[in-house]
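Engineer: I'll drop the sequence and a predicted model, then ask my questions.
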Amino acid sequence: MRNADGSIGIPPTWKRLVEAAPLELDPEKLPQRIEAAQRALLDRIEDLHHAGESRESQALANAMNVLRSLRNMAQTERKRNSGASSPNLRTGRK
């Protein structure tokens, strides 16, 4: 497997965390997975800022966009699920 920096071997931590986040089936754990992946991405972006690496920087930006989309989808799903179990405010019924 070739890494974003062109090297061959084990994917970097940020990539493993980004790939694992969408696979999380527990909606309660998903926000934590996303947060951990985003922290790893931001740490790596900071490292690359000083090194001037552009190819991996683009991969990091793409990964951050994926995580933002995943977080938005998870929040929408959570709202939908919590709304289904709460009573209707107008009628007092579920």
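Structural biologist: Received, thanks.
Engineer: show me the contacts for Trp14.
Structural biologist: Trp14 sits next to 37, 40-41, 43-44, 60, 63 when contact means Cβ atoms under 8 Å, 6 or more residues apart in numbering. The C-beta positions use only the backbone N, C-alpha and C, and glycine is treated the same way.
Engineer: which one among those gets closest to Leu17?
Structural biologist: Of all the contacts of Trp14, Leu17 sits closest to Ala37, with 3.8 Å by Cβ to Cβ.
Engineer: follow-up on the earlier one: how about the contacts of Trp14 in JSON lines, adding pLDDT, distance to Ala74 and neighbour count?
Structural biologist: Supplementary listing: those in JSON lines, determined by pLDDT from 0 to 100; distance: Cβ to Cβ, whole Å; neighbours: other Cβ atoms under 10 Å:
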{"residue": "Ala37", "pLDDT": "95", "distance to Ala74": "13", "neighbour count": "26"}
{"residue": "Ala40", "pLDDT": "93", "distance to Ala74": "18", "neighbour count": "19"}
{"residue": "Leu41", "pLDDT": "92", "distance to Ala74": "17", "neighbour count": "22"}
{"residue": "Asp43", "pLDDT": "90", "distance to Ala74": "22", "neighbour count": "12"}
{"residue": "Arg44", "pLDDT": "89", "distance to Ala74": "23", "neighbour count": "21"}
{"residue": "Leu60", "pLDDT": "87", "distance to Ala74": "21", "neighbour count": "23"}
{"residue": "Ala63", "pLDDT": "91", "distance to Ala74": "16", "neighbour count": "23"}
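Engineer: ok, longest helix in the protein?
Structural biologist: For the chain, the longest helix by residue count, based on DSSP state H, is helix 55-85.
Engineer: give me the pLDDT value at the residue nearest the centre of the chain.
Structural biologist: Central residue of the chain (Cα atoms, centre = their mean): Leu67, 2.9 Å from the mean position. With respect to pLDDT, Leu67 scores 94.
Engineer: that one is in contact with Glu35, isn't it?
Structural biologist: No - under the criterion of Cβ atoms under 8 Å, Leu67 makes no contact with Glu35, lying 9.0 Å away.
Engineer: give me the distance between Ala61 and Lys29.
Structural biologist: 25 Å (Cβ to Cβ, to the nearest Å).
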